[in-house]
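[1] any chance you can model this:
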Amino acid sequence: MKTLKHLAITSCLALLISPDANAQPPAQGDGVVTLGGEVIDSACGLELASADQSIEMAPEPIGRILRNTMGEPHPFQLRLVNCSLSRPDPQRPGASLPDWQHLQVTFDGPRDREGRSFAASGFSQGVAFHIWDAAGQESVPGEPMALLPLTEGDMTLHYTIRLVGNGLQLVPGAHGAAVRFKLDYF
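    Next up, the predicted model:
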């Protein structure tokens, strides 16, 4: 089971252009609604506030990054709700699959620092973003983090993101990044 969500809110504008320039416009009041979705096998739900987060970082002085090689920590959480370890078998009513035991988180996005951190976009230069879990394990973009034990009920996963130097000359300016995360249950 995989759940993919975003840590930064992104927006997109899409235009639909008809290939037939002579086509008649639809009558007023007509329209189409397209719906899509997926039925998934999941041990937990993801709290709505955890699904799409925007982390506002205060301005970082260049001197702090030069002295410490990183900026101030900014904590964030992924809150899992209604976790259930039991798994009914959808192919055999009344039967069960082996219980869920573990959870694995993967953060992904554009890479920097030879693939070890998340690339910053914008007007600043010389910085990237880096994520650590509560145990101090570093997240590498696109690589699963260590397995975590799964428990019944609600779980909160704690992380910290920091600005880190990437070896280029530091240039002040605004920056941002969009980082996705995926939850795998085993």
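
[2] tell me, how many residues neighbour Asp89?
    Residues near Asp89, counting by other C-beta atoms under 10 Å, number 11. Glycine gets a C-beta too; all of them are placed from N, C-alpha and C.

[3] the one 4 residues further on now?
    Pro93 sits with 7 neighbouring residues when counted by other C-beta under 10 Å.

[4] also Ala58?
    7.

[5] same question for stretch 118-133, mean pLDDT?
    What stretch 118-133 shows for mean pLDDT is 96.

[6] go through it and flag the buried ones.
    118-120, 124, 126-133 (16 or more other C-beta atoms under 10 Å).

[7] mind checking the end-to-end distance for stretch 78-98?
    25 Å (C-alpha to C-alpha, to the nearest Å).

[8] list the buried residues of that stretch.
    So, applying 16+ other C-beta under 10 Å, buried residues of stretch 78-98: 78-80, 83, 87.

[9] repeat that for stretch 65-76.
    65, 70-71, 74.

[10] just the endpoints, please. Distance across it?
    21 Å.

[11] still on that earlier bit, export the buried residues of stretch 118-133 to TSV and tack on secondary structure?
    Below are the buried residues of stretch 118-133 laid out as TSV (DSSP: H, G, I helix; E, B strand; the rest coil):
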residue	secondary structure
Phe118	strand
Ala119	strand
Ala120	coil
Ser124	coil
Gly126	coil
Val127	strand
Ala128	strand
Phe129	strand
His130	strand
Ile131	strand
Trp132	strand
Asp133	strand
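
[12] I'd like these written out as a markdown table, with distance to Ala51 added.
    Below are these laid out as a markdown table (distance: C-beta to C-beta, whole Å):
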| residue | distance to Ala51 |
| --- | --- |
| Phe118 | 19 |
| Ala119 | 23 |
| Ala120 | 23 |
| Ser124 | 28 |
| Gly126 | 31 |
| Val127 | 26 |
| Ala128 | 24 |
| Phe129 | 19 |
| His130 | 22 |
| Ile131 | 17 |
| Trp132 | 21 |
| Asp133 | 19 |
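
[13] just the closest of these to Gly167, please.
    Gly126 (7.6 Å; C-beta to C-beta).

[14] can you name the residues that contact the closest residue to that closest one other than its chain neighbours?
    Leaving aside its chain neighbours, Gly126 sits nearest to Leu170 (3.8 Å; criterion: C-beta to C-beta, 6 or more residues apart in numbering). By C-beta atoms under 8 Å, 6 or more residues apart in numbering, the contact list for Leu170 reads 62, 65-66, 124-127.
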